[in-house]
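**Q** with the input below, show me the fold.
(chains A, B and C, ligands or ions: 2)
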Amino acid sequence: MQELLQYIFSGLTNGAIYAVIALGFSILYGATRLINFAHGEFVMLGALGLITLWQGLKIPLAIALVLAVLGVALIGFLFERLAIRTVSRPEPIVLIIITVGASIFLRGVGMLVWGKDAHSAPAFFSFAPIDVMGAKLLAQSIWILVVVVALTFALHAFFKKTLVGKAMTAASISKKAAWLTGIPYEWMILLAFVLSTATGAVAGVIITPITMCSYDMGTLLGLKGFCSAMLGGLGSLWGALAGGIVLGVLESLGAGFLSSGYKDAIAFGLLLAILYIRPSGIFGAKDLHRF
Amino acid sequence: MKDPEMLDRDGEDGGAPILRICGASKAFGGVQALENVSFEVSQGMILGMIGPNGAGKTTLFNLISGLYPPDAGRIFFNEEEIQRLPTHQRVRMGIARTFQNLALFENMNVLENVMVGQHVRTRCGFWGAIARTTGVRREEAACRENALALLDMVGLVDQALKPSADLPFGWQRLLEIARALASRPRVLLLDEPASGLNALETGRLGDLILAIRNQGITIVLVEHDMSLTMSVSDRIIVLDQGRVLASGTPEEIQTHSAVRTAYLGEHCEQR
Amino acid sequence: MTQSSLHETVRIGLLTGAVAAAGILFDNAYHIQVLVFIGINTILTLGLNLLMGYTGQISLGHAAFYGIGAYTSAILTVHFQFSPWAALFPSLGLAVLVALIVGIPTLKLSGYYLAMGTLGFGMIVFIVFRELDFWTGGSSGLAGIPSLKIGSVDLMSGRNFYYLVWGAVLGTLVVSRRLIESRVGRALRSIHGSEHAAMAIGVNTQAYKLQVFVFSAFLAALAGFLYAHCIGFISPGSFDFMASVRMVTMVVIGGMASIWGALLGASLLTLLPEWLHAFADYEMIVYGLILMLVMIFLPQGLLRGLLDIYERSRNA
Ligand SMILES: Nc1ncnc2c1ncn2[C@@H]1O[C@H](COP(=O)(O)OP(=O)(O)O)[C@@H](O)[C@H]1O
Ligand SMILES: [Mg+2]
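**A** Ligands and ions are numbered 1, 2, ... in the order given. Sure, this is the predicted structure:
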């Protein structure tokens, strides 16, 4: 029982991180119908960026957090401007190859800047772990869960309540209609990229105290975030949250009771299963091609 | 192939229906695109299908060709139930179509588009292609000859080696018809073939449609150009909001009051 | 067509001549080795190009089949004392079988989902290579893979292996060429053009996608077999996500839907690390930049794109 609870706690923490990454995929997909294969690399940039700013340059934590997220959002901005906007034939196969290229490129840059070694950061706060029926719940974990739920609420409010958020949703439904109603479609795409990469960076900064960070951490995290987004239905914010938590807990239980070497395979097996059985996710609606 | 003079022009009696739709329905989310639509098409006739935008005409074609499954209803081709068959099998049986928004293969030239249209009438498979036997070569040569003949029929033989995307719009429509004919269909579904064509091109299209019918091919023609539809169709069926509003000869339809208000009136205002 | 196939025959003849000449001219073992790797990569690229370039179906997990070819043969020869030639058929067979099983559900997907599905598949296979350490040696790899022999002649000696690999390359080129210029090739290209239109003209798109997927897996496994017996040691790192990306890059550089481009892409990307010392540090940056720049500016591939620019500048 205690063991089970412990696995669930660590699964919740990881799941919350996957959820934030999934949010990034969903924001972008919701606004542009595009999947960014480099999303995981933005998580990596956020994490290593924070470590450099906070531990390396000794910038106070609060400021370092903001700078890391803003810095990554700026890279997201440049990415959209330089590599996505410039594409003459925006077909999926072209965009897939470009974002895969960007992912490899950013990983290469990460390796040059931070080297091949893993880095870590101390805990943000030094509270003692809470004891729940013998299992330890780290203060860090609670903090992460709070951030994730708050972020989902904030994004939800942004898309449902603000004019810009509503315009982004409208633009994704019909480019032409958005243009007719005067919504600057191109700006909406850009904004979606910036928001999406910024949430990626948020995932990166909150992960730093609980895991070792290195230039190649993005690929796995990106895939798991995508798997979570698919679980919850791509494009749905609450689905992303639920999907992330489910994946995190499943993985942690799998690693605990089966084998830790195959832990990562759980996410991919789940991903394939969803893709095969219900590509629209558990909550998503099925859309048909129009002729 | 039947002598066209022998065909039953009215389609009321005599000619067996080659295509029969019984109670077809299809909804997209909350939109009922088709609701309990039934009609039949006799062998060798030209059936005109009209109706305002969103009436469900394209959706009906998609059900017949199998790109969407119907929610309810049955579809018969030559008295054989086909609504469960995959699209490619229906093409093999003899149902060909064109698309309202052109769907040419832009990565191929004009000739190749028509050659690939003969897919269901040729056989060479994976091993045959690798072995490249004399039989395979002969088939390839015949396929090419056929394609050139079809291009000649629609007047595009001089364009054979151009990339299909380089053709002017009107020619692309003709190319799509040639590609559909390449599968040697018994029924040809044409989805707004005259849209985007000028008056001269539309006139030629009318002749082409009649020529195709004279080869014994049954045609269902969805078209907004009233003079074209009225002049070539043997019968007309009017679709409105997913239902059959009326059907009859072109003369009957033109005098039908409900049709005038629902469609022709609205259509005139648009002009 | 007759004229273009004549050109093709001439080109393949020229390539055969060049292969023979290079075999005679190069006597440096290192150069021969590089040529062997170019050949192996060309086979990989040709297979992936049929799938990606001609049929328009992306695979980000093709290294899995390369690995299955390599590991099956390695395990059978190292642990079960199979002769390498006897291991060839099980290796290719297993890759074909896996491709069939995975391909049936995966190829129902398209676009981003297909890319993610194949990526996930590739990752799972990579994890299996790494974790089944009793058979595969885990992360530290599997050594002692015997070299190929014909009778008592060791193919690893002199230029024998070079001729073997390039014989396979020429065979693959001819077969790919014939496939593309046939009814099958047109059907594949129609799927790339528009999958729905391909269905509407009667192409059984599912069956054709599966066929080309299996064939490209077969070629990848063949390359893997040659690779394993060429260097005698394999480890999971050669079949990871980066390996799949490398294969995609070779296709993209040469130009999707170009058989001769495959030869160019494989040559360039095999030579690049040999020319650039310190390449290992910049490898990812270079590959990433190539993928992005080629797709943005020369989506027809480096060769075609540069030729187009040249022609335009001459006409201007
Ligand atoms: N794939 C689809 N998804 C959602 N709605 C569709 C789809 N295809 C058609 N519709 C809807 O079905 C109705 C009929 O459309 P359609 O058959 O294209 O009409 P028509 O061809 O007569 O203009 C329209 O309201 C259209 O918006
Ligand atoms: Mg329509």
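
**Q** contacts and neighbour counts: CA atoms only from here.
**A** Will do.

**Q** so is residue B:44 in a helix, a strand, or just coil?
**A** Using DSSP: H, G, I helix; E, B strand; the rest coil, the secondary structure recorded for residue B:44 is coil.

**Q** my guess is it meets residue B:212, correct?
**A** No: with contacts defined as Cα atoms under 8 Å, residue B:44 does not count as touching residue B:212, sitting 9.9 Å away.

**Q** the more surrounded of those two?
**A** Summary of the neighbour comparison: residue B:44 and residue B:212, criterion other Cα atoms under 10 Å in any protein chain shown, with residue B:44 having more neighbours (30 against 17).

**Q** state the distance from the more buried one to residue B:180.
**A** For residue B:44, the distance to residue B:180 equals 17 Å [Cα to Cα, to the nearest Å].

**Q** residue A:181: neighbour count?
**A** Residue A:181 has 11 neighbours, counted by other Cα under 10 Å.

**Q** low pLDDT regions in chain C?
**A** Along chain C, the parts satisfying pLDDT under 70 run over C:1-5, C:277, C:316.

**Q** need the next SSE after the longest helix anywhere in it, C-terminal direction.
**A** Secondary structure assigned by DSSP state H gives helix C:205-231 as the longest helix of chain C. Read in the C-terminal direction, the helix or strand following helix C:205-231 is helix C:241-254, with elements assigned using DSSP states H and E.

**Q** buried set for that following helix?
**A** Judged by neighbour count (16 or more other Cα atoms under 10 Å in any protein chain shown), helix C:241-254 contains these buried residues: C:241-254.

**Q** near chain B, which residues of chain C show up?
**A** For chain C, the residues in contact with chain B (Cα under 8 Å from any Cα of the partner chain) are C:175, C:178-179, C:182-184, C:186-187, C:189-190, C:192-194, C:196-197, C:199-204.

**Q** so where does residue 239 fall, helix or strand?
**A** Chain wasn't specified; assuming chain A. For residue A:239, the host element (DSSP H and E) is helix A:237-257.

**Q** actually it's chain B I care about, not the one you picked
**A** strand B:235-240.

**Q** circling back to that earlier point, and the longest helix of chain C, which residues are buried?
**A** For helix C:205-231, burial by neighbour count (16+ other Cα under 10 Å) applies to C:205-206, C:208-230.

**Q** output the contacting helices and strands for that helix.
**A** Contacting helix C:205-231 under the criterion 3 or more Cα pairs under 8 Å, 6 or more residues apart in numbering or on different chains; DSSP states H and E are the following elements: helix C:29-49, helix C:63-80, helix C:84-106, helix C:183-193, helix C:195-200.

**Q** just want the angle from it to helix C:84-106.
**A** Note on geometry: by axes from the mean of the first three to the mean of the last three Cα atoms, to 10 degrees, helix C:205-231 and helix C:84-106 are set 150 degrees apart in direction.

**Q** show me what residue of the stretch 101-250 of chain C gets nearest to chain B.
**A** Taking Cα to the nearest Cα as the measure, the stretch 101-250 of chain C has residue C:202 as its residue closest to chain B, at 3.8 Å.

**Q** any weak-confidence spans in the stretch 101-250 of chain B?
**A** Within the stretch 101-250 of chain B, the set of residues satisfying pLDDT under 70 is empty.

**Q** try it again at 90.
**A** Along the stretch 101-250 of chain B, segments meeting pLDDT under 90 span B:196.
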